[in-house]
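J.: Give me the fold of what follows.
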Amino acid sequence: MPPDTRLKPTSRPVRGGRGAHGGTRRGLPLLLAAALLPLAACGIPATGVVEAGEPATGVLEPGRTPAPSKPGSEAVPVPTVLVYFVANGALAAVPRPAPGGTDLGTTVLMLFEGPDGPERREGLTTGLPPASVAPTIRTDGAAVVVPLPRSAGSLSDTAVDQLACTVAVARLRQDPALGSAQVTVEQPGGRLAGRSSDDCPTGGPREADGTGSDEGTDGTGGG
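T.: Down below sits the predicted model:
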């Protein structure tokens, strides 16, 4: 029989599936350990992701600017108006809060409502009849015209003074640059009565009854 000339393998088979890949697996732990040594030397713990607080919020998109912060809410002061009532037969300027506005119509309507309970206890009265609708007031610079409805009837001189002074002072508060205001009250039947703001007292009830200072009041009511 001729001799067997086939080549026989000279290397042993790899046991347990080890080979080139097995060597790589054995090398990975060594590489990881070598990479962690510098971190341990710097005091950095070799741990995974550490949870620390809430995630960041409010990141702006590119090109956008942050909105300005709103200041704290502050109480808005309520404006006041002067209405003229009567104390001991003389006009008295009474400040009233006006949350509904300081326009002429609103001010006149407050006047027609008359004194409230505390004001009446102080001795304030009115010569004006009650009204639920303010008259239509016409203005032309310092000149103001107040036409009264027929239901108002004929007013006394004191009532005309109350209305004219209330309107005149309110008009000057609208436009202080006017310096003075001239008010004409048109009564039913064509009767006209004119008053100037220069004739209107500025004092309150105490000045009207003589218990306070007389400065700034003439007590005549423009009559």
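
J.: low pLDDT regions in the protein?
T.: The chain contains residues with pLDDT under 70 at 1-73, 203-223.

J.: could you pull out the helices for it?
T.: 20-41, 104-113, 117-121, 157-174, 205-208 (DSSP state H).

J.: Let me know whether residue 189 touches residue 154 as I believe.
T.: Yes - with contact defined as C-beta atoms under 8 Å, residue 189 reaches residue 154; the gap is 7.2 Å. For every residue, glycine as well, the C-beta is placed using N, CA and C.

J.: if you count what's nearby, which of those two comes out ahead?
T.: residue 154 (11 against 8; other C-beta atoms under 10 Å).

J.: Verify the contact between the more buried one and residue 185 for me.
T.: No - using C-beta under 8 Å, residue 154 is not in contact with residue 185; the gap is 11.2 Å.

J.: show me where the protein has strands.
T.: Here the chain has its strands, by DSSP state E, at 80-87, 90-97, 138-140, 143-147, 182-186, 192-196.

J.: Contacts only, for residue 174.
T.: The contact partners of residue 174, by C-beta atoms under 8 Å, 6 or more residues apart in numbering, come to 102-104.

J.: Equivalent analysis for residue 135, please.
T.: Per C-beta under 8 Å, 6+ apart, neighbours of residue 135: 105, 108, 146-149.

J.: Of those residues, just say which sits nearest to residue 118.
T.: Proximity of the contacts of residue 135 to residue 118 (C-beta to C-beta) peaks at residue 108, which lies at 21.3 Å.

J.: leaving aside the residues next to it on the chain, what's closest to the closest one?
T.: residue 134 (4.9 Å; C-beta to C-beta, 6 or more residues apart in numbering).

J.: Please work out how many residues are found near that neighbour.
T.: By other C-beta under 10 Å, the residues close to residue 134 number 17.

J.: How about the one 5 residues further on?
T.: The local packing of residue 139 (other C-beta under 10 Å) involves 15 other residues.

J.: out of everything not next to it in sequence, what's closest to it?
T.: That would be residue 171: by C-beta to C-beta, 6+ apart, it lies 6.7 Å from residue 139.

J.: Tell me the spacing between residue 150 and residue 128.
T.: Here the criterion is C-beta to C-beta, to the nearest Å. By it, residue 150 lies 15 Å from residue 128.

J.: Compare the two (neighbour count), which wins?
T.: It is residue 128, of residue 150 and residue 128, that has more neighbours when counted by other C-beta under 10 Å, with 23 against 8.

J.: which of the contacts of residue 135 are buried?
T.: The neighbour-count test (16 or more other C-beta atoms under 10 Å) marks 108, 146, 148 as buried among the contacts of residue 135.

J.: Could you dump these into a markdown table with distance to residue 114 added?
T.: Below are these laid out as a markdown table (distance: C-beta to C-beta, whole Å):
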| residue | distance to residue 114 |
| --- | --- |
| 108 | 12 |
| 146 | 17 |
| 148 | 16 |
